[in-house]
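Trainee: Sequence first, predicted coordinates after that:
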Amino acid sequence: MSTSLFMFLLFIAVTLGITYWASKRSAGSSAYFAAGRQIKGWQNGVAVAGDYMSAASFLGIAGIIAFFGYDGFMYSVGFLVAYLTVLLLIAEPLRNAGKYTMADVLAYRLNPRPVRAMAAISTLTVSIFYMIAQMVGAGALVALLLKDSGISFRTAVIGVGVLMIVYVVFGGMLATTWVQIIKAILLMSGTLLLSILVLAHFNFNLGDFFAAIGHVTYHDKGLLVVKDFLQPGLRFKPPYGALDLVSLGLALIFGTAGLPHILVRFYTVPDAKTARSSVVWAMALIGVFYILTTFLGFGAATIVGRDYIVGHGGTNMSAPLLAQALAGNIFFAFISAIAFATILAVVAGLTISATTSFAHDFWTNVIHKGVERRPGEEVLVARISAFVVGAAAIAIAVALGPTANVAFLVGLAFAVAASANLPVIVFSIFWRRFNTAGAVTGLAVGLLASIGLILVSPSLMAIDPPTVIGSARHLIQAKALFPLENPGIVSIPLGFIGAILGTLFSGEVTSEDKFNELLVRSNTGLGAERATSH
Amino acid sequence: MVNNVSKLKVAQQKQYQASQSTWNAIAHSSAFKDLMATKKAFIVPAFVFFVVYYVALPVLVGYAPQFMSIRIGWVNLAYLFALSQFFVSWIIAALYVVAANSFDHLSKDIVEKAQDNQGGN
């Protein structure tokens, strides 16, 4: 048995054990959806980090820095700074005023059914795009790493899908939380170890390391070129590169505060103060991790080299290949197993937020007008929808195939979250005049604008020369109608404008009393949902 | 399991309940207005500062790449500015935690007073 396979199986065995333990403690909605609100601050902080640092972070950023140098590091910065929006504006009011989902806060003083229905659509859209990207990534990674053991892409995707269904259906939020904690610890230790090995390669001389980054050689269109990888502009080029960089930055710092799988984590702690401390814990871990991408990315660029990576699995394999170059096959297997654990934990987090939104927002509150007809019905619906969501994600990921261009799916998720979810969350907490029409138009305009602009962006539209074949070809063979890859700079303002105009053009008068109640609740924690005892 | 469910119900019954006029009264009380003013005094400038400081990075890197390529020691201005973002974020987060302790004191008084008025909870 290969070392990779053994490490995968070990991780799976441990997490299934946790799921079994958690399944006995997941009776009742609060226990199932919010882990009984008993997760400690540091635990939730580590779990937030584990939920957030996806394959896009570990494999994607290392790859983009290895290929384009400095420009890739811009992702790292945005991913951390984003947590200031979460910390200053969102985490505490959300914990104080909500129950299980972001829609709880929106529905507080607005007409709950249309608002929840729209919020559930937006949550499911963000989660499913994000999830498919992770599963295609996982399938390709596992198939490549375990190619000696005869596991195909299809088997790998189905394996990941079935595991995430098991975690979520049986273990609920408690099992998901612990899977994320273990994964975060594994990912941090792997990254730290890899960084130390990179430094050791340069005899622990930072000067030598940065000097090497100044002269990276590789073949570009058959020519040998030497580039300073610390120089900006290798990825984001004129005429629209600069604007795209700003647009991406805005989507990152405002998108995170609208990601449903991150927001639901704040319901798992006992109170707002603990929600705050968990953001701080998460920021410490996430910040260290993203600073270390300097060593992962530039290390792969200088030690492994772009030419070698292109021939051995492409950008996404930069970090595992770096591990192989520095410490051989066992370490390669260890880093690959961590990448696999990373994907699995993120996918489980996405599934639970999608199913919570479906069961709590759509089933209980939209269809049955807020009445749970039988005890345990909400949890039962969530378990069934976890099966459906998991099966749908497996089917779509298998259909897309291992070489599908999935990077844009994650970008789409951030852009949708920033354009649709953030404006309505902010307005419902901070704007007295905000009303139902405003929330529905804000969500709809943000959702449509971000998806529409991505459809006509250079990510999906371009004219390829006939030499480009298969899934590398752009979906629509025509000149892109919108020049930016990331729609944030246009779609985020549109989301806000939609919410404002919807509010002002509607004759609906919101109840001033209800706003006062929400204001007091969200700012003081008076009457907030409490931890349940076992 | 049954035990868990019944305890859950007890926990929910204890939840603070109040009429709309009570919520309005709290919202208009000077203690609550104090809390909101204290929060605003920290959060608004902190938010504006971090957004401006962050957006300056892609703007400078995108529109003034030559300036950002000026070498400083082993690295360049672009990398140093990017690295500073991490430390600035951590510092703002730390300052917020300190400021939030005073929010907690103010809101604790409001919560206790509200619960006392309800006859203990």
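Mentor: Done, it's in. Numbering: from 1, shown residues only, chains lettered A, B, ... in the order given.
Trainee: So A:His219 lies in a strand, does it not?
Mentor: Yes. Per DSSP: H, G, I helix; E, B strand; the rest coil, A:His219 lies within a strand segment.
Trainee: how many neighbours does it have?
Mentor: 12 (other CB atoms under 10 Å in any protein chain shown). C-beta coordinates here come from the backbone N, C-alpha and C atoms, glycine included.
Trainee: and if you look at A:Ala251?
Mentor: Neighbours of A:Ala251 (other CB under 10 Å): 28.
Trainee: Does it touch A:Val490 like I think?
Mentor: No. At 10.6 Å, A:Ala251 does not count as touching A:Val490 under the criterion of CB atoms under 8 Å.
Trainee: so who does B:Ala56 touch?
Mentor: Applying CB atoms under 8 Å, 6 or more residues apart in numbering or on different chains to B:Ala56 gives the contacts B:Phe81.
Trainee: Quick one: residues contacting the residue in chain B that chain A sits nearest to.
Mentor: The minimum distance from chain B to chain A, using CB to the nearest CB, falls at B:Gly62 (2.7 Å). Shown in contact with B:Gly62 (CB under 8 Å, 6+ apart): A:232, A:236, A:241-243, A:245-246.
Trainee: gap between it and A:Ala242?
Mentor: B:Gly62 is 3 Å from A:Ala242, where distance means CB to CB, to the nearest Å.
Trainee: Now for these two: what residues contact both?
Mentor: Joint contacts of B:Gly62 and A:Ala242 (CB under 8 Å, 6+ apart) are A:Phe236.
Trainee: Over to the residue of the stretch 351-500 of chain A found nearest chain B. Which of the three states is it?
Mentor: For the stretch 351-500 of chain A and chain B, the shortest gap (CB to the nearest CB) falls at A:Pro375, measuring 6.7 Å. Under three-state DSSP, the three-state class of A:Pro375 is coil.
Trainee: What ranges in chain B fall below the confidence cut-off?
Mentor: Applying pLDDT under 70 to chain B flags residues B:1-15, B:119-121.
Trainee: which residue ranges form the strands in it?
Mentor: B:71-72, B:75-76 (DSSP state E).
Trainee: and the first one, does that touch chain A?
Mentor: No. Applying CB under 8 Å from any CB of the partner chain, one finds strand B:71-72 out of contact with chain A, separated by at least 8.7 Å.
Trainee: if I pick the residue in the stretch 101-250 of chain A that chain B sits nearest to, what's in contact with it?
Mentor: Nearest residue of the stretch 101-250 of chain A to chain B: A:Ala242, at 2.7 Å (CB to the nearest CB). Contacts for A:Ala242 (CB under 8 Å, 6+ apart) come out as A:236, B:58-59, B:61-63.
Trainee: report the longest helix in chain B, please.
Mentor: Determined from DSSP state H, the single longest helix within chain B is helix B:77-117.
Trainee: That one packs against which elements?
Mentor: helix A:70-85, helix A:272-299, helix A:512-524, helix B:20-28, helix B:30-63, helix B:65-68 (3 or more CB pairs under 8 Å, 6 or more residues apart in numbering or on different chains; DSSP states H and E).
Trainee: wait, A:Gly172 sits on A:Ile352?
Mentor: Yes. Using CB under 8 Å, A:Gly172 makes contact with A:Ile352 at a distance of 7.2 Å.
Trainee: shared neighbours of those two, anything?
Mentor: A:Phe33.
Trainee: nearest spatial neighbour of B:Gln17, skipping sequence neighbours?
Mentor: The spatial neighbour of B:Gln17 that comes closest, neighbours along the chain excluded (CB to CB, 6 or more residues apart in numbering or on different chains), is A:Gly527 at 7.2 Å.
Trainee: and the gap between that neighbour and A:Ile291?
Mentor: 40 Å.
Trainee: what does A:Val168 give?
Mentor: For A:Val168, the distance to A:Ile291 - CB to CB - is 32 Å.
Trainee: what does A:Ala107 give?
Mentor: From A:Ala107 over to A:Ile291 (counting by CB to CB), the distance is 39 Å.
Trainee: more crowded one of these two?
Mentor: Shown here are A:Ala107 and A:Ile291; by other CB under 10 Å, A:Ala107 has more neighbours (25 against 18).
Trainee: Show the contacting residues for that one.
Mentor: Counted by CB under 8 Å, 6+ apart, A:Ala107 has contacts A:115-116, A:119, A:365.
Trainee: One more: A:Leu453?
Mentor: A:415, A:482, A:484, A:487, A:490-491.
Trainee: what helix or strand does it sit in?
Mentor: helix A:436-455 (DSSP states H and E).
Trainee: Return the set of buried residues in that helix.
Mentor: Judged by neighbour count (16 or more other CB atoms under 10 Å in any protein chain shown), helix A:436-455 contains these buried residues: A:436-451, A:453-455.
Trainee: Can you list the buried residues in the lengthiest helix in chain A?
Mentor: Identified as the longest helix of chain A according to DSSP H is helix A:318-356. For helix A:318-356, the neighbour count (16+ other CB under 10 Å) marks A:318-327, A:331-356 as buried.
Trainee: relative to helix A:272-299, how tilted is that helix?
Mentor: Using axes from the mean of the first three to the mean of the last three CA atoms, to 10 degrees, the direction of helix A:318-356 lies 150 degrees away from that of helix A:272-299.
Trainee: now the stretch 251-400 of chain A, which segments are flagged as low pLDDT?
Mentor: Using pLDDT under 70, the stretch 251-400 of chain A drops low at A:372.
Trainee: which parts of it sit against chain B?
Mentor: A:253, A:273, A:276-277, A:279-280, A:283-284, A:287, A:290-291, A:375.
Trainee: Identify the residues contacting residue 57.
Mentor: Assuming you mean chain A. Contacts of A:Ser57 (CB under 8 Å, 6+ apart): A:79, A:289-290, A:293.
Trainee: sorry, should have said chain B
Mentor: So B:Leu57 contacts A:74, A:77, A:249, B:81-82, B:85 (CB under 8 Å, 6+ apart).
Trainee: my read: A:Pro232 touches B:Ala64, true?
Mentor: No. The criterion here is CB under 8 Å, and A:Pro232 misses it with B:Ala64 at 9.3 Å.
Trainee: which of these two has more neighbours?
Mentor: A:Pro232 (30 against 14).
Trainee: now the helices and strands packed on helix B:77-117 in CSV, with distance to B:Ile92?
Mentor: Output for the helices and strands packed on helix B:77-117, formatted as CSV (distance: least, CB to CB, whole Å):
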stretch, distance to B:Ile92
helix A:70-85, 6
helix A:272-299, 10
helix A:512-524, 20
helix B:20-28, 28
helix B:30-63, 6
helix B:65-68, 23
